[in-house]
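A.B. asks: Just the structure for this:
(one chain, ligands or ions: 1)
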Amino acid sequence: PTGSAETKPEENDVEYLTPVSIGTPPQVLNLDFDTGSSDFWVFSSETSKSDVNGQTVYDPDKSSTAKEMEGYSWQISYGDGSYSSGDVYTDTVTVGGLTVPSQAVEVARRVSDAFTADTNNDGLLGLASSAINTVDPVAQKTFFDNVKSDLDAPVFTADLKAGTPGYYNFGFIDPNAYTGNITYTPVDDSQGFWAWTPSGYAIGSGQFKNTSSLSIADTGASLLLLPSSVAKAYYARVAGGHYDSTAGGYTLPCNGSAPDFSFGVADAGARITVPGKYIAYAPTTSSGTICFGGIQSDEGIGFSIYGDVALKAAFVVFDAGNQQLGWAAK
Ligand SMILES: Cc1nn(C)c(C)c1CC(=O)Nc1ccccn1
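C.D. replies: You can find the predicted model right below:
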């Protein structure tokens, strides 16, 4: 079998939310599919009332197929400082027409303020390696790992779009979803991420630079976090672009003509171009004229992060069968 689920962008494409059915009768929650983590966790009837703020919650007591995993717990923290924790159930989960009869569903007791404030986000569905799942005492499998062996092919694809719905597909590669060829590059999953190394980058029509750093493809991250030297070089080419410590990063004029940012995939000379307009990411609170930059520094993280700002410029194949990432223009 195969599956296909529509995913919808929140404001400024900060995240993409995908409907997921949990339990019997089905409870539908809108989750943030995250290739940068491996926990499937949801707001629930057990979530501290002060931590819930409009989210749809999963109530295992209302599901005839829910089973508590006694003595199991989880706690996760993300690179942006957000975190959540709680207990674990198993229940039937359906995504895009694909059903896993016994998926570990991590129910939150506590979530950090950023999750509480994110009113439409009912939880996360991790799509990185199950090796970094945080459930204690035994790590649990991701939805993709649970369904992978049944799929026509052990792959899923992310087709995120700017300001309009896209798709997560499972088990097949839709030839109508991209243009040209898909260029594949090896994945190093030793840290549990979809980690790869771009072959280089170009800013606008500038010459291609063959420097590159270990990067992860992270659908759960909003921005494109690059080596500080690259971020600096980029904003040097932006009229009105500068580092603003009050804003906490680089800002630029919202309506300006920021240059495109291209990155290379494998030595095949394949390039993905992120349109400059994607880099005028979101207006800063004080004005509509200055925007927070979609490219920021990866200082202190240890790897670059190709988040939604970059991913929405491409059709991306997460190929677990061959441990590789495929990139195509669209
Ligand atoms: C690893 C990392 N470091 N830094 C600075 C960032 C922003 C990340 C990625 C990240 O935080 N992703 C995330 C956040 C919340 C929910 C899901 N994914």
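A.B. asks: Around the ligand, pick out the residues from this protein.
C.D. replies: 34, 36-37, 78-80, 82, 124, 218, 220-221, 301, 305 (C-beta under 6 Å from any ligand atom). C-beta here means a position set from N, CA and C on the backbone, and glycine is covered the same way.
A.B. asks: do that again at 5 Å, thanks
C.D. replies: Asp34, Gly36, Tyr78, Gly79, Asp80, Ser82, Gly220, Ala221, Ile301 (C-beta under 5 Å from any ligand atom).
A.B. asks: Just give me the closest of the residues you listed to the ligand.
C.D. replies: Of all the residues of the chain next to the ligand, the ligand sits closest to Gly79, with 1.9 Å by C-beta to the nearest ligand atom.
A.B. asks: wait, isn't that closest one in contact with Gly302?
C.D. replies: No: with contact defined as C-beta atoms under 8 Å, Gly79 does not reach Gly302; the gap is 9.7 Å.
A.B. asks: Please say which of the two ends up with more neighbours.
C.D. replies: Neighbours were counted for Gly79 and for Gly302 using other C-beta atoms under 10 Å; Gly79 has more, 17 against 10.
A.B. asks: what's the spacing between the closest residue to Gly293 other than its chain neighbours and the ligand?
C.D. replies: Spatial nearest neighbour of Gly293, excluding adjacent residues (C-beta to C-beta, 6 or more residues apart in numbering): Tyr250 at 4.0 Å. Tyr250 sits 14 Å away from the ligand when distances are taken as C-beta to the nearest ligand atom, to the nearest Å.
A.B. asks: and the helix or strand harbouring Tyr250, how far out from the chain's middle?
C.D. replies: Assigned by DSSP states H and E, Tyr250 belongs to strand 249-253. What separates the centre of strand 249-253 from the centre of its chain is 23 Å, taken as C-alpha atoms, centre = their mean, to the nearest Å.
A.B. asks: can you list contacts of whichever helix or strand comes after that strand?
C.D. replies: Downstream of strand 249-253, the next assigned helix or strand under DSSP H and E is strand 261-265. Contact partners of strand 261-265, identified using C-beta atoms under 8 Å, 6 or more residues apart in numbering, comprise 183, 185, 198-203, 208, 212, 224, 234, 270-274, 276, 279, 295, 306, 310, 327.
A.B. asks: rewinding a little: adding pLDDT, distance to Thr116 and secondary structure as columns, could you present the residues of the chain next to the ligand in a markdown table?
C.D. replies: Shown next, in a markdown table, are these (pLDDT from 0 to 100; distance: C-beta to C-beta, whole Å; DSSP: H, G, I helix; E, B strand; the rest coil):
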| residue | pLDDT | distance to Thr116 | secondary structure |
| --- | --- | --- | --- |
| Asp34 | 99 | 18 | strand |
| Gly36 | 98 | 21 | coil |
| Tyr78 | 98 | 14 | coil |
| Gly79 | 97 | 19 | coil |
| Asp80 | 96 | 14 | coil |
| Ser82 | 98 | 10 | coil |
| Gly220 | 98 | 17 | coil |
| Ala221 | 98 | 19 | coil |
| Ile301 | 98 | 24 | coil |
